[in-house]
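Participant: Show me the folded form of this:
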Amino acid sequence: MRQPVRPRTPDNNIDGITLEVLLASSLIRASRRVDSPNWVGSVFKATLVPFVIVMILTVAVAWISAHYCPGASKLTDVFRSLWHGG
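Facilitator: This next block holds a predicted model:
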């Protein structure tokens, strides 16, 4: 049976915030290498590798989480399950 959707609180919103911070920080660092004449191509080239790395890590964490903690709906549930052995 599906669990009811809980309203966003600081406790269960940390997963989305963590992912956004990781993605934004890697893209901000990469975007500093942008040269201005052809900025669209430069942004794409500068951010492609960090984007792919973050995407691969995100999919890997999701797959591993689903494999080891199939009942977890959030990353905090996975951590809680792994730390408390349950």
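
Participant: tell me the phi and psi of the residue nearest the centre of the chain?
Facilitator: Centroid-nearest residue in the chain: residue 19, 3.1 Å away (criterion: C-alpha atoms, centre = their mean). Main-chain dihedrals, residue 19, degrees, to the nearest 10: phi -60, psi -40.

Participant: Skipping adjacent residues, who's closest to it in space?
Facilitator: residue 58 (6.8 Å; C-beta to C-beta, 6 or more residues apart in numbering). For glycine as for every other residue, the C-beta is placed from the backbone atoms N, C-alpha and C.

Participant: which parts of the helix or strand harbouring the one you found are buried?
Facilitator: Using DSSP states H and E, the element containing residue 58 is helix 39-68. Neighbour counts using 16 or more other C-beta atoms under 10 Å place 46-47, 50, 54, 65 of helix 39-68 among the buried residues.

Participant: Regarding stretch 64-72, how distant is the last residue from the first?
Facilitator: Distance between the two ends of stretch 64-72: 11 Å, counting by C-alpha to C-alpha, to the nearest Å.

Participant: which stretch of helix or strand covers residue 73?
Facilitator: Per DSSP H and E: nothing holds residue 73, as it lies in no helix or strand.

Participant: pull the helix or strand with minimum mean pLDDT from this structure.
Facilitator: helix 14-31 (a mean of 75; mean pLDDT, DSSP states H and E).

Participant: okay, the angle between it and helix 39-68?
Facilitator: 150 degrees (axes from the mean of the first three to the mean of the last three C-alpha atoms, to 10 degrees).

Participant: what's residue 77 in contact with, if anything?
Facilitator: 69, 71 (C-beta atoms under 8 Å, 6 or more residues apart in numbering).

Participant: Thanks a lot, catch you later.
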